[in-house]
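[1] Here is a sequence together with a model predicted from it:
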Amino acid sequence: MTGQNDHYQDLVKLLLPSELFDYFEITNLVVEDRSVAVFLDERDIKPTAFSSQKLTSKGFHPESIIQDFPIRNKAVFLHVRRRRWLVESTKEVVSRDWDSVAEGTRYTKSFADFLKGLFGQLPH
């Protein structure tokens, strides 16, 4: 993340799950009147399931938008781009397996659990 948003990076890291930054880097941050958008790109760290094979990075999957806990009455949206790799020997395109979004939602698991506890179910 470069430019005027540099000073926000440490603050954002305090607000989001710390393990997120083991595999993702913040590329941009947009703060508006009612929302905060955090743009995250997966780091170029090859999946361990394919560590014995030659992989070539082939860019990113289309962006996914995940809603997280609000901050100061602002909705928080994580714009996540996951990497794709090409297995050179098979020409198969592979990605790291992520299990961070609550099933059937666009919420992070911790935010979905919070909403279920608050409302008894996820709001539509």
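    Right, received. Where do you want to start?
[2] The most centrally placed residue in the chain: helix or strand, and which one exactly?
    Ranked by distance to the mean C-alpha position of the chain (C-alpha atoms, centre = their mean), the top residue is residue 80 at 4.1 Å. Using DSSP states H and E, residue 80 maps to strand 74-81.
[3] Indicate each strand paired with that strand and its parallel or antiparallel sense.
    Partner strands and pairing direction for strand 74-81 (DSSP bridges) are strand 35-42 (parallel), strand 64-71 (antiparallel).
[4] how about it: buried residues?
    By 16 or more other C-beta atoms under 10 Å, the buried positions in strand 74-81 come out as 76, 77, 78, 79, 80, 81. Using the backbone N, CA and C atoms, a C-beta is placed for each residue, glycine as well.
[5] Equivalent analysis for stretch 26-44, please.
    Those would be 26, 29, 36, 37, 38, 39, 40, 41, 42, for stretch 26-44 by 16+ other C-beta under 10 Å.
[6] Check the secondary structure at the residue in the chain sticking out farthest from the centre for me.
    Seen from the C-alpha centroid of the chain, the residue lying at the greatest distance (C-alpha atoms, centre = their mean) is residue 89, 29.0 Å away. Following DSSP: H, G, I helix; E, B strand; the rest coil, residue 89 is assigned to coil.
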